[in-house]
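A.B. asks: based on what follows, work out the 3D shape:
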Amino acid sequence: MAITEQQYELLKEHLPRQRGNVKINNLDLINGILYVAENGCKWRALPSKYGRWDAVYKRMRRWADNGVLEKLFQKLQEFELIKIKIEHVCLDSTSVKVHPDGTGALKKTAHNPSGNQLEDGTQKFIWCPQLTRRR
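C.D. replies: Residues are numbered from 1 along each chain as shown. Next up is the predicted model:
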């Protein structure tokens, strides 16, 4: 999935104007974003023909924060240049940590006192007094 020069001309007016010393043009940036969206790869695996992965990612984040990315995908759908809609999030085990109790391991529920009550010492408990009557 890639956008051609002719298709880019339709989108050009809806994108921010490039200013300063920019090494990656907007067309390569869009194609890099579409590559990652289509293949589901990590940003570090982005081929170098789209530019440095961190530069593409940083500009994509700025576009996402400013609402440009959402408008871009709306225009891509409107002009029927792509026929995908990205609206889900994937979570893996590196982003969702589970407590060991949540893994299904058997829990220790039985109290195992030793045979010698002197070794156990005095029983420990929590005392929570409650006032039943006020003066």
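A.B. asks: so where's this protein uncertain?
C.D. replies: Scanning the chain for pLDDT under 70 picks out the ranges 84-98, 100-135.
A.B. asks: strands along that one, start to end?
C.D. replies: Read by DSSP state E, the chain holds no strands at all.
A.B. asks: with just CA atoms, put stretch 62-73 into CSV.
C.D. replies: Provided in CSV are the C-alpha atoms of stretch 62-73 (Å, rounded to 0.1, in the frame of the first residue of the first chain):
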residue,chain,number,x,y,z
ARG,A,62,3.2,15.5,16.0
TRP,A,63,0.6,15.0,13.3
ALA,A,64,-1.4,12.7,15.6
ASP,A,65,-1.3,15.2,18.5
ASN,A,66,-2.4,18.1,16.2
GLY,A,67,-5.2,16.1,14.5
VAL,A,68,-3.5,16.1,11.1
LEU,A,69,-3.2,12.3,11.0
GLU,A,70,-6.9,11.8,11.6
LYS,A,71,-7.8,14.3,8.8
LEU,A,72,-5.2,12.5,6.5
PHE,A,73,-6.9,9.1,7.0
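A.B. asks: and it, which residues are buried?
C.D. replies: Neighbour counts over stretch 62-73 (16 or more other Cβ atoms under 10 Å) mark 63, 68-69, 72-73 as buried. Where C-beta positions appear, they are placed from N, C-alpha and C, glycine not excepted.
A.B. asks: could you provide those in a markdown table, with additional columns for distance to Trp43?
C.D. replies: Compiled in a markdown table, the buried residues of stretch 62-73 are given as follows (distance: Cβ to Cβ, whole Å):
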| residue | distance to Trp43 |
| --- | --- |
| Trp63 | 14 |
| Val68 | 18 |
| Leu69 | 15 |
| Leu72 | 18 |
| Phe73 | 18 |
